[in-house]
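Undergrad: Following is a predicted model, sequence given first.
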Amino acid sequence: MRWPRFHTLRARLTAGLLVLLAVGCAAVGGAAVWELNGFLTDRLDQQLADAGNAFPASLEHPGGARDDHDGDERGDTRRQASGTLGARIVGGEVTNAAVVRPGGSVGGVVGVRVDGGDARALAAVPRDGHGHGVDLSGLGDYRVMAWPGRDGDTLITGLPLEPVEAAVHRLEIVAGGVFGLALAGAGVAGALWVRWSLRPLSHIADTATQVSGLPLADGTVALPARVPDARPRSEEVEQVTGAFNRMLGHVERALTRRQRSEERLRSFSADASHELRTPVASVRGHAELALLHPGPLPSEVRRALERITAESARMGVMVDDLLLLARLDAGRPLDLRSVDLTRLVLDVVTDARAAGPEHRWVLDLPQEPVVVSGDRHRLHQLLANLTANARLHTPPGTTVTVAVTREDGGAARVTVADDGPGVPSPLRAHLFERFVHGDGPRGAEGGGTGLGLSIVAAVAAAHGGSATVTSEPGATEFTVRLPRNPPTGPRATRDGGGAADG
């Protein structure tokens with residue numbers, strides 16, 4: 001048997017209240033029935049004691065002289081209630097037995113035949129002056145009392161238990177009906193009372209649900225109104241309400257500080273990137289100009305100038321990436337046009353072949369062009385970063401497959417898969433965060449900046465899409481999904497979901 005499961009606190013409290021009430025009703029009803037049965041049985045024993053052995057004594061010598069009593073030669077029925085049993089037992093055998101007929105003393109007595117089982121039950125009654133219950137097959141349940149006779153025999157007087165049992169049974173029916181109605185009424189009233197009492201907790205749950213639905217990770221710091229004062233008031237509910245409201249206040253202040261800190265950081269990143277472009281370009285220009293000097297240069301000087309040129313170029317790329325992320329964070333509008341992804345992928349893979357001839361590049365394009373609405377320049381950068389990531393973090397000879405497909409819902413899917421060593425599991429959860437570097441080789445180009453895949457995630461999010469990765473040794477796949485038409489007012493989310501450098 002499976003017990004029902006109560007999933008709400010309200011149902012559990014109501015059920016617990018009903019169970020306790022049912023136990024109490026059962027205890028009260030059981031005690032009342034037990035007490036009434038004992039009281040009526042004691043009254044029956046008192047009647048037996050008052051009646052004495054007059055009726056069974058008149059059965060000792062049924063053929064003797066008649067006494068001056070209201071009865072006949074079969075027994076003395078004076079002061080005997082209807083249904084009174086009288087029996088004489090000699091040597092364990094019932095020699096004579098009779099029952100007072102309905103109608104009282106004028107009704108006389110009726111002889112009864114006692115079989116072996118009933119005779120043994122009557123013979124077993126002790127002569128102690130106390131009442132005992134016996135079940136007689138021909139007469140029913142009786143309360144009997146045994147007396148010693150004048151001839152060494154045993155005289156039995158008994159009264160039927162049927163009136164006692166009827167009264168007890170009637171009490172059981174009445175008590176069951178009353179307690180049933182009480183339980184039903186208590187169930188309805190208890191459910192309403194519990195619901196009213198738990199109303200403050202419902203307010204707390206509603207407020208918590210509203211907070212859980214807010215996009216707090218995107219910088220939303222306006223939390224809903226606090227939970228109102230509890231009605232009805234109770235110390236426990238007030239404590240929970242106060243603690244919950246204080247927690248909301250702490251969370252709101254923490255989110256506000258984090259939002260301000262991130263805004264200052266983004267502002268600094270954008271300003272610094274913008275301000276660094278000119279000096280970095282100037283350093284690179286002067287280094288290239290020095291390398292063009294017609295006169296001979298010492299090898300150490302030439303090497304230093306070449307490194308200055310390479311590092312300034314790398315720094316320029318990083319500055320451009322930071323500036324792009326700052327613009328995406330600020331929600332700058334995209335230059336939306338129709339973009340043929342198949343053509344764009346073809347151009348990007350052609351560039352990747354030139355930059356990484358030691359890799360094997362494979363194209364998997366559909367028969368029909370896959371066109372989406374997007375910013376061509378940003379999508380080109382997204383694809384270039386994915387192919388650059390595969391080239392920088394896989395050994396020479398790795399096969400890189402770039403595929404474009406149209407999904408059933410109309411979205412476009414671009415995948416970049418390789419059979420390289422894969423992304424380490426601890427790194428995978430942070431793959432699209434900023435300044436996260438993979439463990440791939442660092443070539444003469446200086447490796448990646450740790451911003452490539454974060455740009456991929458930000459550009460995909462700005463188009464209303466997503467970027468994901470699955471990886472295991474020998475099979476790594478980056479997947480970018482782009483809707484056919486980006487949502488109105490696209491806005492990039494910070495740090496998408498996945499990890500290494502691009």
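TA: Nice, I can see it. Residues are numbered from 1 along each chain as shown.
Undergrad: Got the domain ranges for this structure?
TA: 7-51+162-197, 53-59+73-160, 212-330, 337-482 (automatic domain parsing).
Undergrad: Which of these has the lowest mean pLDDT?
TA: Confidence, taken as mean pLDDT, is least for domain 212-330 of these (a mean of 76).
Undergrad: Report the secondary structure element holding residue 189.
TA: Using DSSP states H and E, residue 189 sits within helix 162-197.
Undergrad: Also residue 415?
TA: For residue 415, the host element (DSSP H and E) is strand 412-418.
Undergrad: Give me the contact list for that strand.
TA: Contacts with strand 412-418, where a contact means Cβ atoms under 8 Å, 6 or more residues apart in numbering, come from 341, 345, 370, 372, 383, 386-387, 389-390, 394, 398-407, 475-484. For the C-beta atoms, the positions are set from N, CA and C on the backbone; glycine is no exception.
Undergrad: and after it, which helix or strand comes next?
TA: helix 425-428.
Undergrad: What residues does residue 22 make contact with?
TA: 179, 183.
Undergrad: Next one: it relative to residue 182, how far apart?
TA: Distance from residue 22 to residue 182, counting by Cβ to Cβ, to the nearest Å: 10 Å.
Undergrad: Could you confirm residue 145 falls within a strand?
TA: Yes - the assignment for residue 145 by DSSP: H, G, I helix; E, B strand; the rest coil puts it in a strand.
Undergrad: Tell me if I'm right that it and residue 134 touch.
TA: No - contact criterion Cβ atoms under 8 Å: residue 145 and residue 134 do not qualify, at 10.8 Å.
Undergrad: neighbour count winner among those two?
TA: residue 145 (26 against 19; other Cβ atoms under 10 Å).
Undergrad: who are the neighbours in contact with the residue nearest to the more buried one when sequence neighbours are not counted?
TA: Closest residue in space to residue 145, ignoring its immediate chain neighbours: residue 48 at 4.4 Å, by Cβ to Cβ, 6 or more residues apart in numbering. Applying Cβ under 8 Å, 6+ apart to residue 48 gives the contacts 131, 143, 144, 145, 157, 158, 159.
Undergrad: Is it correct that the second one is in contact with residue 42?
TA: When you say that, I think you mean residue 143. No - using Cβ under 8 Å, residue 143 is not in contact with residue 42; the gap is 10.1 Å.
Undergrad: For the two, indicate the residue with more neighbours.
TA: Using other Cβ under 10 Å as the criterion, residue 143 and residue 42 rank with residue 143 on top: 21 against 11.
Undergrad: And residue 7, how close does it get to residue 203?
TA: 20 Å.
Undergrad: and if you look at residue 452?
TA: Taking Cβ to Cβ, one finds residue 452 at 48 Å from residue 203.
Undergrad: Also residue 360?
TA: To residue 203, residue 360 is 63 Å away according to Cβ to Cβ.
Undergrad: now swap in residue 455 and tell me
TA: Distance of residue 455 to residue 203, computed by Cβ to Cβ: 44 Å.
Undergrad: Look at residue 194 and say how many residues are nearby.
TA: The tally of other residues near residue 194 (other Cβ under 10 Å) stands at 20.
Undergrad: which residues in this structure form helices?
TA: 9-51, 54-57, 116-123, 162-197, 199-212, 235-291, 299-329, 341-355, 376-392, 425-428, 452-462 (DSSP state H).
Undergrad: who wins for proximity to residue 88 among those?
TA: Checking those against residue 88 by Cβ to Cβ gives helix 54-57 as the closest, at 5.9 Å.
Undergrad: other SSEs contacting that closest one?
TA: Using 3 or more Cβ pairs under 8 Å, 6 or more residues apart in numbering; DSSP states H and E as the contact test, the elements touching helix 54-57 are strand 75-76, strand 85-90, strand 154-160.
Undergrad: and residue 7 and residue 203? which has more neighbours close in?
TA: Neighbour count, other Cβ under 10 Å: between residue 7 and residue 203, residue 203 has more, with 19 against 8.
Undergrad: surely the more buried one meets residue 227?
TA: Yes - the pair residue 203 / residue 227 is scored as a contact, 5.1 Å apart, by Cβ under 8 Å.
Undergrad: Report the set of residues contacting both of the two.
TA: Common contact partners of residue 203 and residue 227 (Cβ under 8 Å, 6+ apart): residue 241.
Undergrad: Could I get the buried residue list for stretch 344-358?
TA: Neighbour-count burial for stretch 344-358, with 16 or more other Cβ atoms under 10 Å as criterion, is recorded at 344, 345, 348, 349, 352, 356.
Undergrad: before we move on, what about stretch 239-255?
TA: By 16+ other Cβ under 10 Å, the buried positions in stretch 239-255 come out as 240, 241, 244, 245, 248, 255.
Undergrad: Equivalent analysis for stretch 8-24, please.
TA: For stretch 8-24, a neighbour-count test (16+ other Cβ under 10 Å) marks 10, 13, 14, 15, 17, 18, 21, 22 as buried.
Undergrad: With adjacent residues omitted, what lies nearest to the first one?
TA: Taking Cβ to Cβ, 6+ apart as the measure, residue 10 lies nearest to residue 194, with 5.3 Å between them; neighbours along the chain are not counted.
Undergrad: so what's that neighbour up against?
TA: Contacts of residue 194 (Cβ under 8 Å, 6+ apart): 10, 13, 14, 17.
Undergrad: so what's the first one up against?
TA: This points to residue 10. 191, 194, 195, 198.
Undergrad: make it 7 Å
TA: Residues near residue 10 by Cβ atoms under 7 Å, 6 or more residues apart in numbering: 194, 195, 198.
Undergrad: Which one of those is nearest to residue 306?
TA: Of those, the one sitting nearest to residue 306 (Cβ to Cβ) turns out to be residue 198, at 75.2 Å.
Undergrad: before we move on, back to that, return the member of the buried residues of stretch 344-358 nearest to residue 112.
TA: Nearest to residue 112, judged by Cβ to Cβ, of those is residue 345 at 110.6 Å.
Undergrad: Give me the distance between that closest one and residue 392.
TA: According to Cβ to Cβ, residue 345 and residue 392 sit 19 Å apart.
Undergrad: do residue 32 as well
TA: 88 Å.
Undergrad: same deal with residue 10?
TA: 59 Å.
Undergrad: Off-centre distance for stretch 31-38?
TA: Distance of stretch 31-38 from its chain centroid, counting by Cα atoms, centre = their mean, to the nearest Å, is 47 Å.
Undergrad: Residues touching it, excluding its own?
TA: Contact partners of stretch 31-38, identified using Cβ under 7 Å, 6+ apart, comprise 164, 167, 168, 171, 172, 175.
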